[in-house]
Structure formats: C-alpha cells, structure tokens
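Enquirer: Show me how the following folds:
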Amino acid sequence: MAILKIARMGHPVLLARAEAVADPTAPEIRRLVRDMIETMEDASGAGLAAPQVHVPLRLFVVRVNPERASGDAADTAVLPNAVVINPEVELLGDDVRLRWEGCLSIPGLRAAVPRSWRIRYKGVDTDGKPVGGEVTGFHAGVVQHEYDHLDGIMYPMRMQDFSLFGFNEELARVAAQQAARP
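Expert: Model (predicted):
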C-alpha cells in the first residue's frame with residue numbers, strides 16, 4: 001500500500017468530470033482503493049475521491065466515525081471505511097442545512113456549505129456488490145462532498161455566504177471566544 005499525493009485546489013484534475021470505472025473488480029482498482037483508504041486515514045480525512053489523488057475515475061472512499069454525528073437522533077453518522085464506485089446520488093426532501101466542511105484538497109480552510117440533510121446513494125464495491133442506502137446528517141454530507149469531486153465541483157463553488165469561510169485556526173479561535181461569553 002502507499003500514501004498517494006493529494007491534488008490541491010487549482011489543479012485541473014479537480015475541475016473535470018471523472019470517467020466511469022469500467023471494471024470495479026480489476027486489480028488496479030482494488031489497489032487504488034487500498035491506497036486511497038490509507039491516504040485518507042493518514043490525512044485524517046472522512047472521505048477521498050479518486051480525482052483528489054490525480055485519478056479521474058468515478059469512485060470515492062469514505063469513513064464516518066460515531067463522534068462525527070450531529071447529535072440529531074436521525075443522523076446516520078457511522079460508516080467504517082467503504083468504497084463507492086460509479087455512484088449515483090439522489091437528494092431527498094427539502095431539508096437543506098449548513099454544514100461545516102473541510103477538504104484534503106483545500107488544506108487549512110473550512111466553510112459552511114448548504115447540503116441536503118437526507119440522501120439516497122448507490123454504487124458498487126470492488127467485488128461488484130451493491131453499496132449505499134438512505135442516509136442523513138454527516139454521512140449524507142460526506143457522500144455529497146465526495147460525489148461533487150467526481151463532477152469537478154469543490155465546496156467553495158456551493159457556498160452562499162463567504163463570511164462563513166476561513167482558516168481552521170481563526171474559526172476555532174472565534175468559536176472559543178463565543179463559547180467563553182456568558
């Protein structure tokens with residue numbers, strides 16, 4: 001396995017529509033997925049799309065830990081390392097919420113991005129078996145974020161309020177100051 005180089009904002013691979021994976025069971029796809037999971041874990045990410053590692057294919061890996069749950073009882077925020085190849089995403093309902101997002105391709109920055117709270121997604125894994133389901137909250141947001149990468153969309157393109165965009169350290173400092181107020 002290997003840690004892959006992550007493309008950063010400005011690289012053309014991040015702005016192009018990725019191609020479908022012809023054979024999800026191919027050995028090179030299995031190797032790519034293993035390397036992407038290792039890269040995502042090394043970078044402490046919740047997801048990583050193939051274009052982010054300079055591979056213009058329609059697949060992403062995700063990892064949603066329980067501590068990422070929003071606290072909402074309906075938040076389906078648990079998913080071990082998983083791959084979704086040739087995904088399809090359907091937005092469900094009108095419930096759109098701002099969600100703080102970062103991106104391994106935009107290091108050090110975060111922003112509040114409007115995302116559908118509930119989605120349905122499907123694809124296949126490296127065995128060609130169906131994966132996905134109906135999910136909410138953080139899990140739904142991560143899938144939407146990674147799916148956007150496959151269409152050449154980065155989260156700043158989805159933003160509506162650029163006053164909610166900043167460096168992690170500055171946003172944390174402001175949040176700490178606000179929390180300390182009586």
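Enquirer: In the longest strand belonging to the chain, which residues are buried?
Expert: Criterion DSSP state E: the longest strand present in the chain is strand 79-103. Residues 79, 82-87, 89, 91, 99, 101-103 are the ones in strand 79-103 that count as buried (16 or more other CB atoms under 10 Å). Bear in mind the C-beta positions are built from the backbone N, C-alpha and C, glycine included.
Enquirer: partner strands of it, parallel or antiparallel?
Expert: strand 59-64 (antiparallel), strand 106-124 (antiparallel) (DSSP bridges).
Enquirer: For those, which has the smallest mean pLDDT value?
Expert: Lowest mean pLDDT of the strands paired with strand 79-103: strand 59-64, a mean of 93.
Enquirer: Contacts made by that strand with the rest, please.
Expert: The contact list for strand 59-64, computed with CB atoms under 8 Å, 6 or more residues apart in numbering, reads 21, 24, 29, 32-33, 36-37, 40-41, 45-50, 77-87, 123, 138-139, 142-143, 146-147, 149-150.
Enquirer: list the buried ones in the helix ranked longest in the chain?
Expert: Criterion DSSP state H: the longest helix present in the chain is helix 27-42. Neighbour-count burial for helix 27-42 flags 29, 32-40 (criterion: 16+ other CB under 10 Å).
Enquirer: Run through who's touching stretch 87-95.
Expert: 58-60, 116-123, 132, 134, 143-144, 147, 150.
Enquirer: Give me the buried subset of those residues.
Expert: Buried members of these, counted by 16+ other CB under 10 Å: 58-60, 116-119, 121, 123, 132, 143-144, 147, 150.
Enquirer: just those residues now: which is nearest H11?
Expert: L150 (15.1 Å; CB to CB).
Enquirer: ok, the closest one - contacts?
Expert: 17-18, 49-51, 58-60, 87.
Enquirer: Out of the residues you listed, which is nearest to A7?
Expert: Using CB to CB, P51 is the member of these that lies nearest A7, at 6.9 Å.
Enquirer: got the buried residues of helix 27-42 as a markdown table, with pLDDT and distance to F162 columns?
Expert: Converted to a markdown table, the buried residues of helix 27-42 look like this (pLDDT from 0 to 100; distance: CB to CB, whole Å):
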| residue | pLDDT | distance to F162 |
| --- | --- | --- |
| I29 | 98 | 38 |
| L32 | 98 | 35 |
| V33 | 98 | 35 |
| R34 | 97 | 37 |
| D35 | 98 | 34 |
| M36 | 98 | 30 |
| I37 | 96 | 33 |
| E38 | 97 | 34 |
| T39 | 98 | 29 |
| M40 | 96 | 27 |
